[in-house]
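Q: Just to be clear, the model below is a prediction. Sequence and coordinates:
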Amino acid sequence: MGLTLGKSFDRNYNIRIPFLNGFYNIGIFLSKKSTFLLFSVDPDFSAEIEHKRNVKINMFKNLESSKFCETFLKLHNFRKNNLDIVNQFNNIKPDYYQDISFLFNETISLSKIEVDGKDLFDVLNIYAFTMNSYIGEFVFIITERHNIVKKLNKKIVRTSGIQLSTTASLEMLNDFHKESLTSGKVGLEPKFETDEVINLADA
């Protein structure tokens, strides 16, 4: 059954991710007028392959509630009169350079807007990561939406995430997370009060 969307969504970007012995088709639905977006996830496996039943799929409205982001990534928050950034991807933590890798990093420019004589771009950035021990069994995708509110001369940056993982890769992630907590690599910053995880499916 297909995903039914309201009229507010006017853009769609599709990604095809190799996973185990098949693929996942990830759809990103968004609007040019806001930072809100939705994911769709469609498995593409041969009928005889049963691995897909062991794949866990989770969406994160708040990246700080993700064990992957908390463990491996530095996130950036900043607010002033004309800029409002929440959980923007900054970089991979140096302690984990050998443990995770980029799968891809893409930017889609939606429009160019002139504000106070400067050209600002309304964009969607997409970052995809994997754990090096589980390439083909773990993917974490961050969508970073930059939206220019011209009436307010303000840029809004919001992020969402989607994680695809096998049981074995999820156990490895949990081990890394526990290690980061006991070693003091994870800070004690307060979390945003949002829903922790949205379970999309146990595909």
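A: That came in fine, so what should we check first?

Q: Scan this protein for its longest strand.
A: strand 100-115 (DSSP state E).

Q: Tell me which residues are up against it.
A: 11, 13, 17, 32, 72, 92, 119-132, 135, 139, 148, 150, 153 (Cβ atoms under 8 Å, 6 or more residues apart in numbering). Where C-beta positions appear, they are placed from N, C-alpha and C, glycine not excepted.

Q: So which of those residues sit within strands?
A: Filtering the contacts of strand 100-115 for strands - DSSP E - leaves 11, 13, 17, 92, 119-131, 139, 148.

Q: filter those to the buried ones?
A: By neighbour count, with 16 or more other Cβ atoms under 10 Å, these hold 17, 92, 120, 122-131, 139, 148 as buried.

Q: ok, so of those residues, who is nearest residue 36?
A: Comparing these against residue 36 with Cβ to Cβ places residue 124 closest, at 12.0 Å.

Q: From residue 157, how far off is the spatially closest residue to that closest one that is not a sequence neighbour?
A: Distance criterion Cβ to Cβ, 6 or more residues apart in numbering; nearest residue to residue 124, sequence neighbours excluded, is residue 108 at 4.6 Å. To residue 157, residue 108 is 15 Å away according to Cβ to Cβ, to the nearest Å.

Q: before we move on, what about residue 164?
A: 24 Å.

Q: which regions of this protein sit below the pLDDT cut-off?
A: In the predicted model of the chain, residues 1-8, 47-53, 185-203 satisfy pLDDT under 70.

Q: And the helices in it?
A: Counting by DSSP state H, the chain has these helices, from start to end: 67-72, 167-182.

Q: give the contact list for residue 15.
A: 25, 26, 28, 126, 128, 141 are the contacts of residue 15 under Cβ under 8 Å, 6+ apart.

Q: So residue 61 is in contact with residue 159, correct?
A: No: judged on Cβ atoms under 8 Å, residue 61 makes no contact with residue 159 at a distance of 9.2 Å.

Q: Look at those two and report which has more neighbours.
A: residue 159 (25 against 16; other Cβ atoms under 10 Å).
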